[in-house]
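>>> Dropping a prediction and its sequence here:
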Amino acid sequence: MCKDKWFLIVNPTSGSFSGKRKWKQISREFEVQDIEFDYEFTTKPQHEYELVIEALENGFRKFVSIGGDGTLHHIVNGLMQQKTVPKQDLKVAVIPLGTGNDWVKTYNIPKNIKKAVAIIKTEHTVLQDIGTISLLNEAKTVFFNNVAGLGFDGYVVKRNERLKFLGAASFLISTVLSLASYKATSFTIETTQQKLTTKSLLTIIGICQFSGGGMQLTKDVNPADSFFDVSVAKHFTLFNLIRNVFGLFNGSITNHPLVETFKTNEVTITTSEPAVFIQADGELIGCGGFTATILPKSLRFVVP
Ligand SMILES: Nc1ncnc2c1ncn2[C@@H]1O[C@H](COP(=O)(O)OP(=O)(O)OP(=O)(O)O)[C@@H](O)[C@H]1O
């Protein structure tokens, strides 16, 4: 019965091709730990989505994302967009092989393959909130499971596409390089509670705790509290940011006077310029404004 078997989606290109290099070791570990599985390699960007839909049609309900945050993002989108299988029947596990691997940091899922597979064997799960983003200037809705952002954040993701071969440090390098050329624009950020118009370097909408290769840009994170953790970084200069670089990684940046934080279950952001990049889970999803809505406790993830 496919229902009890895990379906492994392997992105061979993730983590500078560690997906390809480590596949033998991973499949052997599943066999050693006596876990039944089937698998498929992705052959193109966003192929994860199609593989999920196909596997669901074939009866699979338990998925393992073998790759980075982008691989998981597209698997989550496949599972959330489809309407035939109830979400409560689904389970998602991760073997982190990406560059940033930010989602797994919230749950302490290890990179060690033996340990990561042992966690899958336990099938211990938590229900996590999922976010949706509906773009304002095109008919597109995207789901996300970790952190989304608008402005400088999206610009860094765009720039980082060419620097990922540098590994985890690439995000920090892209951040510093991007600061020299990025111009902050004006955002209007509207919730049911407030409306704020400000020049913003970036605005982050988080469900989990880490983004940008280990940065902690949101406050009081709880992935299942039915709220986004929003951080609006106002007009930071290059000097400001360099002075606070440790705060990006230990989370203290959220206490900086130029950062406004709040929780909300829905937010609409419009931008003064149309060409402001939006990223979700480290994937570029479009430009301009959007409405983000939280879907409380929507997907079950396997965690330690
Ligand atoms: N066979 C493939 N060829 C090219 N791109 C692929 C392939 N399979 C998947 N992708 C795309 O690669 C992108 C990056 O994948 P992923 O984010 O998992 O790896 P990463 O960038 O190394 O890790 P992280 O996001 O954690 O830094 C995703 O958009 C995914 O859809």
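Structure received. Given the structure is predicted, the values throughout are model-derived calculations rather than measurements. Residues are numbered from 1 along each chain as shown.
>>> ok, so what distance separates Gly131 from Val147?
When C-beta to C-beta, to the nearest Å is applied, the distance between Gly131 and Val147 equals 9 Å. Using the backbone N, CA and C atoms, a C-beta is placed for each residue, glycine as well.
>>> for Ala224, same thing?
Separation of Ala224 from Val147 (C-beta to C-beta): 15 Å.
>>> Repeat that for Leu135.
Leu135 sits 17 Å away from Val147, going by C-beta to C-beta.
>>> Which one of these two is surrounded by more residues?
Val147 (32 against 17; other C-beta atoms under 10 Å).
>>> Test my guess that the more buried one contacts Gly206.
Yes: the pair Val147 / Gly206 is scored as a contact, 4.4 Å apart, by C-beta atoms under 8 Å.
>>> shared neighbours of those two, which are they?
Shared contacts of Val147 and Gly206, defined by C-beta atoms under 8 Å, 6 or more residues apart in numbering, are found at 217-218.
>>> joint contacts of Gly131 and Val147?
Taking C-beta under 8 Å, 6+ apart as the criterion, Gly131 and Val147 both touch 205, 207, 280.
>>> So what are the sheet partners of the one helix or strand the first one maps to and their directions?
Here Ile205 sits within strand 202-206, counting by DSSP states H and E. Using DSSP bridges, the neighbouring strands of strand 202-206 in the sheet come out as strand 147-151 (antiparallel), strand 228-233 (antiparallel).
>>> Quick one: closest of those to Val276.
For the strands paired with strand 202-206, distance to Val276 was read as C-beta to C-beta. The smallest value, 5.7 Å, belongs to strand 147-151.
>>> could you give the mean pLDDT of the closest one?
The average pLDDT within strand 147-151 is 94.
>>> and whichever helix or strand comes after that strand with strand 228-233, angle?
The first helix or strand that comes after strand 147-151 along the chain, using DSSP H and E, is helix 152-160. Between the axes of helix 152-160 and strand 228-233, defined by axes from the mean of the first three to the mean of the last three C-alpha atoms, to 10 degrees, the angle is 80 degrees.
>>> and the helix or strand just after helix 152-160, does that touch the ligand?
Sequence-wise, the next helix or strand beyond helix 152-160 is helix 170-181, with elements assigned using DSSP H and E. No: contact of helix 170-181 with the ligand is not found when judged by C-beta under 6 Å from any ligand atom; the minimum separation is 7.9 Å.
>>> next structured bit after helix 170-181?
Toward the C-terminal end, the helix or strand that comes next after helix 170-181 (DSSP H and E) is strand 185-190.
>>> Would you confirm that Gln81 contacts Phe143?
Yes: counting by C-beta under 8 Å, Gln81 touches Phe143, with 7.2 Å between them.
>>> Counting neighbours, go ahead and name the busier of these two.
Comparing Gln81 with Phe143 by neighbour count (other C-beta under 10 Å), the higher total belongs to Phe143, at 22 against 13.
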